[in-house]
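Novice: Return a 3D structure for these sequence lines:
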Amino acid sequence: MKRTTLFIMMILMLTGTAGCSRTANLHTAESVPGETTLKSANEILPERDKDEEEESLEESIESDISVASETVAESSTKETNSKPTTPSAVDKTPPPTAGTLPQPPASSSQPPRESPIPAAPVYTQKDFDEIIAAVREYAESQTDIKFAWKPTMRKDDGASGYHDTPNLSRDGKERLIRELKYNVDLTVQLLMDQTKGIISCTVDYNILWYEQDRYFFQEPGKDIFFVLLYG
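Specialist: Take a look at the predicted model:
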């Protein structure tokens, strides 16, 4: 389009110049028509060559730009395809350092606690009275032998006997009462035994309690013992 416009303008200029030359120098123009025509053609040809060179240069630049654009597009596509995928959340976790080692999760179940050793019960005079009252009631309820209460009877007076000495500190209150009642039964059997020549309808008795030091191989302290005396 540019080249056509320039060509038309040049033709118009040449036509105008030729008209002026014919009016001013009619004789000169007519004598040398070939010179004027040749000169116009020579002026036109260089312009056409120049336009062709410019058009060729523009086409070359457009071709280079197109090639460069395609190259850039291919490079972008390769970079997109070769871009590494986003690591997972686990990969983002930084490795533990020497000062911050991972701690094990807290356990919901607590370790079993050792049951504390129960303290030894403390017995008072009230407990002693209740034990003696329970055994006296059982002894005096016997029908074969009459048990007569004698509080002055002692273990070391030589006129009394006994079967065993139950340990209140070791056996507890209830078991001690059962063992003393059994001593009552043994006393009845002994006094009713004809093979041994001991037949009696009445027997004196007493129930005592006393403290005694434990043996050296036991836990230090004192134990409370009971005894049923008869005689």
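Novice: any low-confidence regions in the chain?
Specialist: Within the chain, the segments meeting pLDDT under 70 span 1-5, 7, 15-112, 114-115, 117, 197-199.
Novice: how about the helices of the protein, start to end?
Specialist: Here the chain has its helices, by DSSP state H, at 2-24, 26-31, 33-82, 89-92, 125-139, 168-171, 173-191.
Novice: count of residues packed around Trp180?
Specialist: One thing to correct before we go on: residue 180 is Leu, not Trp. When neighbours are defined as other CB atoms under 10 Å, Leu180 has 23 of them. Where you see a C-beta, it was placed from the backbone N, CA and C, and this is true even at glycine.
Novice: That one against Ile131, yeah?
Specialist: Yes - between Leu180 and Ile131 there is a contact under CB atoms under 8 Å: 7.3 Å.
Novice: between the two, what contacts are shared?
Specialist: Shared between the contact lists of Leu180 and Ile131 (criterion: CB atoms under 8 Å, 6 or more residues apart in numbering) are residues 207, 226.
Novice: So which elements touch whichever strand in the chain runs longest?
Specialist: The residue-count maximum for a strand in the chain (DSSP state E) belongs to strand 202-213. On a contact count with 3 or more CB pairs under 8 Å, 6 or more residues apart in numbering; DSSP states H and E, strand 202-213 meets helix 125-139, strand 146-149, helix 173-191, strand 222-230.
Novice: okay, now the domains of this protein?
Specialist: As given by automatic domain parsing, the domain ranges for the chain are 2-78, 125-230.
Novice: start to end distance for the longest one?
Specialist: To tie it back to what came earlier, the one meant is domain 125-230. 23 Å (CA to CA, to the nearest Å).
Novice: Check stretch 217-224 too.
Specialist: Taking CA to CA as the criterion, the two ends of stretch 217-224 lie 18 Å apart.
Novice: For it, which outside residues touch it?
Specialist: Contact with stretch 217-224 is made by 123, 167-170, 209-214, as judged by CB under 8 Å, 6+ apart.
Novice: one more time with 7 Å
Specialist: Where contact means CB atoms under 7 Å, 6 or more residues apart in numbering, the residues beyond stretch 217-224 that reach it are 123, 167-170, 209, 211-214.
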